[in-house]
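need the 3D shape of this:
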Amino acid sequence: MANVDPDIKITGSMQNISFYKIRGSEQTYSRRKGGPTAEQIKNDPQFEVTRKNNKEFGGRSAAARAVANPLSKL
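Numbering: from 1, shown residues only. Sure, this is the predicted structure:
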């Protein structure tokens, strides 16, 4: 992770580099973009387990919402 000169006020991305701030710090950091694309996660057989985990997480979130909403009205 690279540090950026504090006089340069920049956040966001340029080409293949992202600039961001971390909560509690005045410094701006930069890093290269990476990781799989959303299209790869949706269609690539390599990400079958990831899709299964995402689906399970979504179902658990829906169940938690179904329980929490009525309880919040009490």
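
which residues sit against the one helix or strand Arg60 maps to?
Using DSSP states H and E, Arg60 maps to helix 48-72. Helix 48-72 has contacts (Cβ atoms under 8 Å, 6 or more residues apart in numbering) with Ile41, Lys42. Backbone N, C-alpha and C define where each C-beta goes, glycine included.

taking the mean pLDDT, what do you get for it?
In this model, helix 48-72 carries a mean pLDDT of 94.

chain center to it: distance?
18 Å (Cα atoms, centre = their mean, to the nearest Å).

domains in the protein, by residue range?
1-34, 36-74 (automatic domain parsing).

reformat these as a markdown table; add mean neighbour count.
Output for these, formatted as a markdown table (neighbours: other Cβ atoms under 10 Å):
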| stretch | mean neighbour count |
| --- | --- |
| domain 1-34 | 10 |
| domain 36-74 | 10 |
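
before we move on, which element is Ser18 in?
Per DSSP H and E: strand 17-21 holds Ser18.

which secondary structure elements does that strand sit against?
Here strand 17-21 touches strand 12-14, strand 28-32, going by 3 or more Cβ pairs under 8 Å, 6 or more residues apart in numbering; DSSP states H and E.

check which element follows the longest one along the chain.
This means strand 28-32. Taking DSSP H and E, what comes next after strand 28-32 is helix 38-43.

and that next one, C-alpha only, in CSV?
Provided in CSV are the C-alpha atoms of helix 38-43 (Å, rounded to 0.1, in the frame of the first residue of the first chain):
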residue,chain,number,x,y,z
ALA,A,38,-19.0,-9.3,-11.1
GLU,A,39,-19.5,-11.1,-14.4
GLN,A,40,-16.8,-13.7,-13.5
ILE,A,41,-18.5,-14.4,-10.1
LYS,A,42,-21.9,-14.8,-11.8
ASN,A,43,-20.8,-17.2,-14.5
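
what is the mean pLDDT for that helix?
The model assigns helix 38-43 a mean pLDDT of 95.

which strands or helices does it pack on?
So helix 38-43, by 3+ Cβ pairs under 8 Å, 6+ apart, packs with helix 48-72.
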